[in-house]
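Colleague: when you get a sec, could you give me coordinates for this:
(chains A and B)
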Amino acid sequence: MLKLAKSLALLVCGRERLRFLSTSAAAAAAAAASANQETALNPHTHLQYPLDSVHAQVTVSGLLHNLAVANKLLYVYAQHRALDDAYALFGMMEERDAVSWSIMVGGFAKVGDYVYCLRTFRKLIRCGVKLDNYTLPIVLRACRDRMDPVMGRLVHGVVLKSGLCLDQCVLAALISLYAKCRVKNDARILFDEMPNRDLVTWTVMINAYAESGNAKESLALFDLMRDEGLVPDNVAMVTIVHACAKLGAMHKARLVHDYISRMGFKLDVILGTAMIDMYAKCGSVDYAREIFDRMWERNVISWSAMIAAYGYHGQGKKALDLFPMMLGSRILPNRITFLSLLYACSHAGLVDMGLELFNMMWDEYSVKPDVKHYTCMVDLLGRAGRLDEAMNLIENMTVKKDEGLWGAMLGACRIHKNIDLAEKIANSLLELQSQNAGHYVLLSNIYAKAGRWEDVAKIRDLITERELKKVPGWTCIEVENKIYQFGVGDKSHHLSKEIYRLLRSLRRKMELAGYVPDTNLVLHDVDEEVKLESLFMHSEKLAIVFGLIATTEGTPIRITKNLRVCGDCHTFSKFVSAITHRVIIARDTNRFHHFKEGVCSCGDYW
DNA sequence: CTAGGGTTAG
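Modeller: Residues are numbered from 1 along each chain as shown, chains lettered A, B, ... in the order given. Below you'll find the predicted structure:
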């Protein structure tokens, strides 16, 4: 290496030698950089000896006058995140072309310095450099990662005015930007107008649908893409696997897995991790674990995904067992790993283990707990009835408190019927201008129980004043490869009559067995009779009963998604599984419940 | 010489 650098300096800048030099200088620089990766990969250290020496030699021999050499060196600095050095070099260059600018813009984007990335782009325009299809994708991506559709649109406008003929890369970047920033229509219009869409463009669009909650459409688009003769690659498969995870449809998951095996896709870290997540979210931790065991390379994300999977399936012990194994394979935990571990503790009721981990994360792994970690702890302590400790934690924390944190505390108060504390908490929530109508309903019920009718009225006024609407709950269920969605009081299903008939008879049986309905979360401004009726129209109950009707004995009833789960439905599920001997696998927003013969594997822990 | 799509948590 040193030899090469020395020989560079010895060479005189003969015109005929320049071409040779530009490539060998580049090669030398690249070799130097890779020889010194430890330093090079740290964005905040300057590149030390080898690369600097190349730079010095190149400067001495006057080679920086050659644009191609300078650009190449610039690129090597940028690639290795040595932006200070790159910037210095950029400033020293006598001549800069579109490539030089592009490298700088890309360099800033690479280290995540979007402010400088965009600033450099603006300067580029002001300097009259002609826009090209290389710089634009970088800038658009920066806008996307900053979730800045306004800037993105601005850039889009500039591009249109420049009259540049956009290629696949720019269009894909634009679509990705609009899709991620929830301007989905614009994304779709661009997509539809594209003359020949390649794999990347399709992948972006498929991902856009999955991300915006329309996983069904995303899978349909995948089939359409294959109809057009495009062959998916690993990245495309990851998005499809991700879509299946979002959908929670086990049947689809199996099909996709089958396709992956048949086509011989390599189970790389990302695809493997996505598959772990997919199986876990489709209700089978065991399949998830199978994938996990088969992967030959695992990163923090893979481990965290597996830990989280055990966590929301209520198998806290198995989740915790993975932690030492992970450390054993020399993978360091991050904040999400700890979040998953704490969730696992919370879902399984492992209070002391949770406390231990919580203390450990900062002391031993320098991972600073944020609100989410605190929320987990509050949930964990709160459910266990240790309200004082939970409150203590809240009062002594230094990070900013948010709605979710108070919500967890309020939930704990509700479980343990601590009305005084609940009122205090609820007021903190109201001060935060909470948009969650559930909190208001809860507070109103607390007042109603205490007979404080004036306060009940006040809360109701507040709900109208702040224009809060209770988001209607809905539930998805998978039956024979199809996903059905039910809303509250849904009567649109063709088996509706039967569903309601069976529901009525189940309710009678439950009441005979001594069931007392839990109307706690229904607003107290309607009379008792109406409240009961509305309770028996909850989407979860409709979905489960539909599952009973539409599937055969032996197949599990799969609730793939459930928004705004209520405790009474939990009781209902247990009852149904007890008298029908059917397994109900239910997924609410962040946990699974396997009801078997009336027992719930997540414990009766909520 | 420089460019677009992918995994955990919320």
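
Colleague: what residues does the one helix or strand A:Cys376 maps to touch?
Modeller: Under the criterion of DSSP states H and E, A:Cys376 resides in helix A:371-383. With contact meaning CB atoms under 8 Å, 6 or more residues apart in numbering, helix A:371-383 is reached by A:335, A:338-339, A:342-343, A:345-346, A:349-351, A:354-355, A:358, A:361, A:387, A:389-390, A:393-394, A:397, A:399-402, A:404-405, A:408-409, A:411-413, A:415-416, A:605-606. In this view, the C-beta of every residue, glycine as well, is placed from N, C-alpha and C.

Colleague: from these, list the ones also adjacent to DNA strand B.
Modeller: A:339, A:343, A:404 (CB under 7 Å from any atom of the strand).

Colleague: could you find the closest non-adjacent residue to the last one?
Modeller: Leaving out its chain neighbours, the residue that sits closest to A:Gly404 by CB to CB, 6 or more residues apart in numbering is A:Thr375, at 5.2 Å.

Colleague: how many other residues sit next to the one you found?
Modeller: A:Thr375 sits with 24 neighbouring residues when counted by other CB atoms under 10 Å.

Colleague: likewise A:Met360?
Modeller: 15.

Colleague: with A:Phe90 instead?
Modeller: Every residue meeting other CB under 10 Å relative to A:Phe90 is counted, giving 21.

Colleague: where's it relative to A:Thr475, distance?
Modeller: The gap separating A:Phe90 from A:Thr475 is 57 Å, by CB to CB, to the nearest Å.

Colleague: next: A:Tyr209.
Modeller: Taken as CB to CB, the span from A:Tyr209 to A:Thr475 is 21 Å.

Colleague: with A:Leu177 instead?
Modeller: Distance from A:Leu177 to A:Thr475, by CB to CB: 33 Å.

Colleague: how does chain A divide into domains?
Modeller: A:370-470, A:474-600 (automatic domain parsing).

Colleague: low pLDDT regions in the stretch 451-600 of chain A?
Modeller: A:519-528 (pLDDT under 70).

Colleague: show me where it has its helices.
Modeller: A:453-465, A:496-512, A:528-535, A:539-550, A:567-580 (DSSP state H, counting those that start in this stretch).

Colleague: so how far is the last one from its chain's centroid?
Modeller: Averaging C-alpha positions (CA atoms, centre = their mean, to the nearest Å) puts helix A:567-580 31 Å from its chain's average.

Colleague: quick one: buried residues of that helix?
Modeller: Buried residues in helix A:567-580, counted by 16 or more other CB atoms under 10 Å: A:568-577, A:580.

Colleague: using a markdown table, lay out these together with distance to A:Thr273.
Modeller: Converted to a markdown table, those look like this (distance: CB to CB, whole Å):
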| residue | distance to A:Thr273 |
| --- | --- |
| A:Asp568 | 36 |
| A:Cys569 | 32 |
| A:His570 | 31 |
| A:Thr571 | 36 |
| A:Phe572 | 35 |
| A:Ser573 | 30 |
| A:Lys574 | 33 |
| A:Phe575 | 37 |
| A:Val576 | 35 |
| A:Ser577 | 32 |
| A:Thr580 | 36 |
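
Colleague: so which helix or strand takes in A:Leu430?
Modeller: Counting by DSSP H and E, A:Leu430 is part of helix A:419-431.

Colleague: rewinding a little: pull out the buried members of the contacts of helix A:371-383.
Modeller: Buried members of the contacts of helix A:371-383, scored by 16+ other CB under 10 Å, are A:335, A:338-339, A:342-343, A:345-346, A:349-351, A:354-355, A:358, A:361, A:387, A:389-390, A:393-394, A:397, A:401, A:405, A:408-409, A:411-413, A:415, A:606.

Colleague: return the distance of stretch A:138-157 from the chain's centre.
Modeller: 21 Å.

Colleague: mind listing the strands for chain A?
Modeller: In chain A, the strands defined using DSSP state E lie at A:474-479, A:482-487, A:557-562, A:584-588, A:591-596, A:599-600.

Colleague: let's have those strands in a markdown table, adding distance to A:His55 and mean neighbour count.
Modeller: Formatted as a markdown table, the strands of chain A follow (distance: least, CB to CB, whole Å; neighbours: other CB atoms under 10 Å):
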| stretch | distance to A:His55 | mean neighbour count |
| --- | --- | --- |
| strand A:474-479 | 59 | 23 |
| strand A:482-487 | 59 | 18 |
| strand A:557-562 | 56 | 25 |
| strand A:584-588 | 56 | 24 |
| strand A:591-596 | 55 | 22 |
| strand A:599-600 | 65 | 16 |
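
Colleague: got those strands as a markdown table, with distance to A:Glu95 columns?
Modeller: Listed next are those as a markdown table, based on distance: least, CB to CB, whole Å:
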| stretch | distance to A:Glu95 |
| --- | --- |
| strand A:474-479 | 60 |
| strand A:482-487 | 60 |
| strand A:557-562 | 58 |
| strand A:584-588 | 60 |
| strand A:591-596 | 61 |
| strand A:599-600 | 71 |
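
Colleague: what's the closest of the ones you listed to A:Ala550?
Modeller: strand A:474-479 (4.8 Å; CB to CB).

Colleague: distance of A:Gly272 relative to A:Asp321?
Modeller: Counting by CB to CB - A:Gly272 and A:Asp321 are separated by 20 Å.

Colleague: ok, A:Ile125 next?
Modeller: 56 Å.

Colleague: I'd guessed A:Arg226 sits against A:Pro232; true?
Modeller: Yes. Using CB atoms under 8 Å, A:Arg226 makes contact with A:Pro232 at a distance of 7.2 Å.

Colleague: higher neighbour count, those two?
Modeller: A count of neighbours by other CB under 10 Å puts A:Pro232 above the other of A:Arg226 and A:Pro232, at 21 against 14.

Colleague: contacts only, for the more buried one.
Modeller: Residues near A:Pro232 by CB under 8 Å, 6+ apart: A:199, A:222, A:225-226, A:240, A:263.

Colleague: of those, which is the most crowded?
Modeller: Neighbour counts for these, by other CB under 10 Å, peak at A:Ile240, which reaches 26 neighbours.

Colleague: who are the contact partners of it?
Modeller: So A:Ile240 contacts A:206, A:218-219, A:222, A:232, A:256 (CB under 8 Å, 6+ apart).

Colleague: no further queries at this time; thank you.
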